[in-house]
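**Q** any chance you could fold what I've pasted below:
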Amino acid sequence: MKVSVLLVCLIWFKVNFSVPVEDLDIFAEEVVQNEVEKGNFSNMPDNIRRIPRVLNFFPIPFVAECKANDGRRRGICMNTYECRIEGGKSYGFCALGFGVCCVFRATCKQEVINNLTYFVNPDFPDLTRGMSSCSLKVKKIESEVSQIRFDFIHFNLGQPNRKTGICEEDVFKITGENTTKDLIICGMNSGQHVYVDVENIDELNVEMTLSKKAVSRIWEIIITQVSFSEGSPPGCLQYFTGRYGTVQTMNFADNGRHLANQDYNICIRQEENMCSITYEPCHENAFRISPNSEDTTINTNLLAEGSGDGESDDLRESFRAIEMCNDRIILPCDTEELIMPGMFNLAPGSCNLIHCGLSLCPSGNDPCKIESSATPFNIGVHFGNSAKPVSPEDNLGMCLNYEQIPCE
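**A** Prediction:
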């Protein structure tokens, strides 16, 4: 009986006090709210005074994501007054007009206490100049949250040391009390994303050290709290879905170079009825990872081509090539010709291809394409602390287009 009365009241208020979303933009809503709070009904423009209002006496029946009416951002559908109290800003209506799409935004020296927040530089969307540091706390809002996802919509910081790849001047770092390894990046990373495990911690710290040499910076990062059922698989810093896609190493840019001290997995969800996957460089310079050895007599093609003849000399040469590729990409392969039990923290008995050099297909295949049915569809990125300075042009990193192939 109580539920029926509540529904009748909601419908009555909706019919008598609401208007279509398109008739009340965010500017009108802000004007009305400000003037109503001041009691200045006579100061409102006539066209706004005539607009009926939604009286938010009741909470919305659910909490969900919504699309902001700016056509770009996402928000949380909630009561308009709760949105204002929690520090958000409403961007259009949701829940049939009973709620507003509340967008949360945070900048330096603030806290993230919602499950969807935009972390931006202080002058966003303009460039920020002259800053030396920026920090942010991300608090886990529920015990069911197992990961925090960071989507780098815009990310433009200073470049690493061009010869070593180490982030020395501008440094973006994500740390946690019990995290196994801090994430450290810099440079150009727009379009990238990462997952950080928070199952055993209550908050993350984002710390940015900014030098005076890079005079202007911009960032816009979506911070999302993710439950266990919706997160990435264990051990995956990045997780891609869909039959087609593009994966890149951090700071892959025309004037950049791959970062040092990177050790993570890029994981791709195997879609339904898909049995294999192909990888192809995005363009002719999309795979450039210079070996960390001056020994040019080592044949780095052997691992890419396998040691099909089974001769011990070729196997020894292959292991020498592994030592040469201190910076390397690992793509699981189908063949059992080269068994490396327990190496690189991989499962015993797994078969893997180690790639470095100036081409993903050093044998000269054109077009260059690698196909694998080994599952899961993972790519290992292992970039160490460069033992010697190398040419940045030979260390752009990796950009691969992937396509999943249906089962026959």
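
**Q** may I have stretch 400-407 as PDB, with CA atoms only?
**A** Output in PDB follows, covering the C-alpha atoms of stretch 400-407 (Å, rounded to 0.1, in the frame of the first residue of the first chain):
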ATOM      1  CA  LEU A 400      49.700  -2.700 -32.700                       C
ATOM      2  CA  ASN A 401      46.300  -3.200 -34.300                       C
ATOM      3  CA  TYR A 402      44.600  -6.500 -33.300                       C
ATOM      4  CA  GLU A 403      41.800  -8.500 -34.700                       C
ATOM      5  CA  GLN A 404      40.200 -11.600 -33.300                       C
ATOM      6  CA  ILE A 405      39.600 -14.400 -35.800                       C
ATOM      7  CA  PRO A 406      36.400 -16.500 -35.600                       C
ATOM      8  CA  CYS A 407      36.600 -20.300 -35.000                       C
END
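
**Q** and the pLDDT at residue 132?
**A** pLDDT, residue 132: 91.

**Q** an error on my part: the question was meant for residue 36.
**A** Confidence score, pLDDT, at residue 36: 38.

**Q** could you do residue 250 as well?
**A** pLDDT, read off for residue 250, is 97.

**Q** would you map the strands across the stretch 101-250 of the chain?
**A** 110-112, 116-120, 128-129, 133-139, 145-156, 171-176, 183-185, 193-197, 203-209, 216-227, 238-240, 244-248 (DSSP state E, counting those that start in this stretch).

**Q** and these: which comes nearest residue 84?
**A** Nearest to residue 84, of all the strands of the stretch 101-250 of the chain, is strand 116-120, at 15.8 Å by C-beta to C-beta. C-betas here are computed from N, CA, C, even on glycine.

**Q** how many degrees apart are that closest one and strand 203-209 in direction?
**A** 20 degrees (axes from the mean of the first three to the mean of the last three C-alpha atoms, to 10 degrees).

**Q** now the angle from strand 116-120 to strand 145-156?
**A** 30 degrees.

**Q** and the contacts of strand 116-120?
**A** 65, 73-76, 103-107, 112, 136, 206, 219-225 (C-beta atoms under 8 Å, 6 or more residues apart in numbering).

**Q** any idea of the mean pLDDT for it?
**A** Averaged across strand 116-120, the pLDDT comes to 97.

**Q** now the angle from that strand to strand 216-227?
**A** Counting by the same axes, to 10 degrees, strand 116-120 lies at 160 degrees to strand 216-227.

**Q** the contacts of strand 116-120, buried ones only, as a ChimeraX selection?
**A** To isolate the buried ones among those in ChimeraX, judged by 16 or more other C-beta atoms under 10 Å, type:
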select :73,75,76,103,104,105,106,107,112,136,206,219,220,221,222,223,224,225
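
**Q** just to revisit the earlier point, could you export the strands of the stretch 101-250 of the chain as TSV, including distance to residue 256?
**A** Below are the strands of the stretch 101-250 of the chain laid out as TSV (distance: least, C-beta to C-beta, whole Å):
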stretch	distance to residue 256
strand 110-112	28
strand 116-120	22
strand 128-129	20
strand 133-139	21
strand 145-156	11
strand 171-176	14
strand 183-185	11
strand 193-197	17
strand 203-209	18
strand 216-227	15
strand 238-240	18
strand 244-248	11
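
**Q** just tell me which of these ends up closest to residue 264.
**A** That would be strand 238-240 among those, by C-beta to C-beta, at 7.3 Å.

**Q** list the neighbouring strands of that closest one plus their orientation.
**A** Strand 238-240 has these partner strands in its sheet, going by DSSP bridges: strand 262-268 (parallel).

**Q** what's downstream of the partner strand, the next helix or strand?
**A** strand 274-281 (DSSP states H and E).

**Q** flag every buried residue along that next one.
**A** In strand 274-281, counting by 16+ other C-beta under 10 Å, buried: 274, 276-277, 279-281.

**Q** now swap in stretch 105-125 and tell me
**A** 105-108, 112-121, 124.

**Q** tell me how far the ends of it are from each other?
**A** With C-alpha to C-alpha, to the nearest Å as the measure, stretch 105-125 spans 12 Å from end to end.

**Q** run through the bridge partners of the residue nearest to residue 286 when sequence neighbours are not counted.
**A** Nearest non-adjacent residue to residue 286, counting by C-beta to C-beta, 6 or more residues apart in numbering: residue 399, 4.1 Å away. As for beta bridges, residue 399 partners with residue 248 under DSSP bridges.

**Q** looking at the buried residues of strand 274-281, which is nearest residue 258?
**A** residue 281 (14.4 Å).

**Q** tell me how far the closest one lies from residue 269.
**A** Distance from residue 281 to residue 269, counting by C-beta to C-beta, to the nearest Å: 22 Å.

**Q** same question for residue 205.
**A** Residue 205 is 30 Å from residue 269, by C-beta to C-beta.

**Q** which element is residue 82 on?
**A** helix 80-85.

**Q** using CSV, write down the CA coordinates of that helix.
**A** Output of helix 80-85 as CSV, limited to C-alpha atoms (Å, rounded to 0.1, in the frame of the first residue of the first chain):
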residue,chain,number,x,y,z
THR,A,80,19.7,17.3,-7.6
TYR,A,81,20.2,18.4,-4.0
GLU,A,82,22.4,15.4,-3.2
CYS,A,83,24.5,16.3,-6.2
ARG,A,84,25.0,19.9,-5.0
ILE,A,85,25.8,18.7,-1.4
